[in-house]
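> no sequence on hand, only this structure:
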Ligand code: AMP
């Protein structure tokens, strides 16, 4: 039992990570001199964020095959969510991460049972960590072991066209409906998105199944060929699907109706996925929702070993042999106890080890994985819910300093600032300035969209403002945002221009609450809980523009 002596397993894991990566240039420069104990490690290796690693990662991207950051070769690059300084975030991916993922899948499965690609200049494939994983041979074997084969052929999974791929996923899922054990996607919002599409195309899907002919909307030849092989006329199945769909009320419970043998719906449902749970529960009807594991492109961290709990209460047991973990204790300063976690100026203290964390306290996690021996600050805030033997079970609280997020997109205060800077260049020619700005995520529309509020020094023409709006939309280069915009799971960015003096009213509001002028920082993000400020903003909007940058 790994969780029995997590402290020992952690020391052992750190030793393995350091030994395997001993040749890496990054480690050699730090003066560790072959030592592998946690104390020397902490003393010699600094805590880093993505920005510190960029020069090394750039060399790997450019094709440097020497051991730069890792002992084992880097097989591809993961396109992580989020950005650093407005540029997409790349991370190394290697065989170790495949092993790491297999372990976590097998672990959480044991408890459960009952894209896009670019080539870097150096010739490595850059895609999301999940796609890197799906490509590996071992992934398929493990998935067969845990009876989790996907219904769709590889041509559909790796299709360059998101809409065609989604249509075929739905079609293949229906063809094999009797055998489907569970419905899953990495993130909950994709499942919701899939069923929103299903509502639109279900009659076409029935037709394809009835006649055994793939819809003409599928134009990618490799997909047509692969899916064509699975399709033969099946009027009985088509009739049954048609009848079931007609019998549903507003698509409630469509999943168990069409996949009678499915036992649950599975995916990441915590953190920024929580807003999708309501819609997901609607489609899932009586089926339980099971929240997936917790990890990142840097490596996996914890398995959901209490899958029976609703996603809102999900916790993740840290697997002590999957990486070396440290925790920066975070304390809320007085007066900020109730604030949105992303905007709190936490008081930090020295990182502690996995077995030293305390139940009920919050921490930022630091990961040292087999895929890179750096001490990486992930930026997530976690709370220790309980201990399972000697390893903690963590609850995901929020992404630190994350402002704008609708589904897989992640943009920070810095990203917002860079986007605004970019767009204000267009105002400079008109001798106009942005007096102040803030942002909001509007999920009352479907799909949700980003809203940027601007107060301007004087009036601007419609033409200039609509190009500023497009420019803002394009300036968010986070891979999650760009791909969601392209497939319309995030709507067009909205620029709302405010009456002059609006930010003064906001300042007055905070002063009225006892804030000091000298301490005041304009909130760069106004969440729904800050209803008073949101109200001030919304009442003072004089005009609004929607981006046309992505053609939708
Ligand atoms: P990426 O770097 O794109 O792989 O994204 C990793 C980030 O996704 C983590 O740092 C978390 O913020 C978030 N994440 C991953 N798994 C979960 C989960 N189970 N619950 C909440 N957030 C998660």
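Alright, I've got the coordinates. These figures come from a predicted structure and were not determined experimentally.

> next, residue 447: phi, psi?
phi -70, psi 170 (degrees, to the nearest 10).

> state the distance from it to residue 231.
30 Å (C-beta to C-beta, to the nearest Å). The C-beta positions use only the backbone N, C-alpha and C, and glycine is treated the same way.

> the two: which is more packed in?
residue 447 (19 against 16; other C-beta atoms under 10 Å).

> list the buried residues of stretch 410-429.
410-413, 415-416, 418-420, 422-424, 426-427 (16 or more other C-beta atoms under 10 Å).

> narrow those residues to those in helices?
413, 415-416, 418-420, 422-424, 426-427 (DSSP state H).

> quick one: the residues you listed as JSON lines, columns for pLDDT and distance to residue 390 too.
Below are those laid out as JSON lines (pLDDT from 0 to 100; distance: C-beta to C-beta, whole Å):
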{"residue": "413", "pLDDT": "84", "distance to residue 390": "37"}
{"residue": "415", "pLDDT": "89", "distance to residue 390": "39"}
{"residue": "416", "pLDDT": "92", "distance to residue 390": "41"}
{"residue": "418", "pLDDT": "90", "distance to residue 390": "43"}
{"residue": "419", "pLDDT": "95", "distance to residue 390": "45"}
{"residue": "420", "pLDDT": "94", "distance to residue 390": "47"}
{"residue": "422", "pLDDT": "94", "distance to residue 390": "49"}
{"residue": "423", "pLDDT": "95", "distance to residue 390": "51"}
{"residue": "424", "pLDDT": "93", "distance to residue 390": "53"}
{"residue": "426", "pLDDT": "94", "distance to residue 390": "57"}
{"residue": "427", "pLDDT": "92", "distance to residue 390": "58"}
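
> quick check: the farthest pair among these?
The two members of those with the most space between them (C-beta to C-beta) are 413 and 426, at 21.6 Å.

> how about low-confidence regions in the stretch 51-200 of the chain?
83-86, 114-126, 146-147 (pLDDT under 70).

> do the same with the chain
Using pLDDT under 70, the chain drops low at 1, 83-86, 114-126, 146-147, 337-340, 342-343, 519, 552.

> output the longest strand belonging to it.
Longest strand in the chain by number of residues, with DSSP state E as the criterion: strand 372-388.

> who does that one pair up with?
strand 47-48 (parallel), strand 362-369 (antiparallel), strand 391-399 (antiparallel) (DSSP bridges).

> out of the ones you listed, flag the one nearest residue 241.
strand 391-399 (36.6 Å).

> how far does the helix or strand just after that closest one sit from the chain's center?
Next helix or strand after strand 391-399 toward the C-terminus (DSSP states H and E): strand 402-404. Counting by C-alpha atoms, centre = their mean, to the nearest Å, strand 402-404 is centred 12 Å from the centre of its parent chain.

> swap in stretch 30-47?
31 Å.

> cool, and stretch 540-552?
25 Å.

> ok, what's across the strand from the residue of the stretch 351-500 of the chain found nearest the ligand?
With C-beta to the nearest ligand atom, the shortest gap between the stretch 351-500 of the chain and the ligand falls at residue 396, namely 4.1 Å. Taking DSSP bridges, one obtains residue 382 as the residues bridged to residue 396.

> that one reaches residue 380, doesn't it?
Yes - under the criterion of C-beta atoms under 8 Å, residue 396 makes contact with residue 380 at 6.7 Å.

> count the residues that sit near whichever residue of the stretch 201-350 of the chain sits closest to the ligand.
Nearest to the ligand, among the residues of the stretch 201-350 of the chain, is residue 271, at 3.0 Å (C-beta to the nearest ligand atom). The local packing of residue 271 (other C-beta under 10 Å) involves 19 other residues.

> sorry, back to before: next, the buried residues of the longest strand of the chain.
In strand 372-388, counting by 16+ other C-beta under 10 Å, buried: 372-385, 387-388.

> between those, which sits nearest residue 191?
residue 380 (22.5 Å).

> the ligand contacts on the protein?
Counting by C-beta under 6 Å from any ligand atom, the positions of the chain adjacent to the ligand are 80-81, 129, 268, 270-271, 292, 294-297, 378, 380, 396, 399.

> let's see it at 5 Å
80-81, 268, 270-271, 294, 296-297, 378, 380, 396, 399 (C-beta under 5 Å from any ligand atom).

> would you turn the strands paired with strand 372-388 into CSV with mean neighbour count?
Below are those laid out as CSV (neighbours: other C-beta atoms under 10 Å):
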stretch, mean neighbour count
strand 47-48, 16
strand 362-369, 23
strand 391-399, 22
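
> out of those, the one nearest residue 22 is which?
Using C-beta to C-beta, these put strand 362-369 closest to residue 22, at 13.9 Å.

> which SS class is the residue positioned nearest the centre of the chain?
Nearest residue to the geometric centre of the chain (C-alpha atoms, centre = their mean): residue 408, 3.8 Å. Three-state assignment for residue 408 (DSSP: H, G, I helix; E, B strand; the rest coil): coil.

> before we move on, what about residue 80?
Residue 80 ends up strand, using three-state DSSP.

> do residue 30 as well
Applying three-state DSSP: residue 30 is coil.

> and the gap between it and the ligand?
In this view, residue 30 and the ligand are 24 Å apart by C-beta to the nearest ligand atom, to the nearest Å.

> for that residue, grab the count of nearby residues.
By other C-beta under 10 Å, the residues close to residue 30 number 16.

> find the nearest non-adjacent residue to it, please.
residue 44 (4.7 Å; C-beta to C-beta, 6 or more residues apart in numbering).

> and that neighbour, how close does it get to the ligand?
25 Å.

> got a list of what that residue touches?
Going by C-beta atoms under 8 Å, 6 or more residues apart in numbering, residue 44 touches 30-32, 35.

> and those, which is closest to the ligand?
residue 30 (24.3 Å).

> which residues does that closest one contact?
Taking C-beta under 8 Å, 6+ apart as the test, what residue 30 contacts is 44-46.

> beta partners of residue 289?
Bridge pairing for residue 289 - DSSP bridges - gives residue 265.

> tally of neighbours for it?
Neighbours of residue 289 (other C-beta under 10 Å): 20.

> tell me how many other residues surround whatever residue of the stretch 51-200 of the chain ends up closest to the ligand.
Nearest residue of the stretch 51-200 of the chain to the ligand (C-beta to the nearest ligand atom) works out as residue 81 at 3.2 Å. Residue crowding around residue 81 was assessed by other C-beta under 10 Å; the count is 25.
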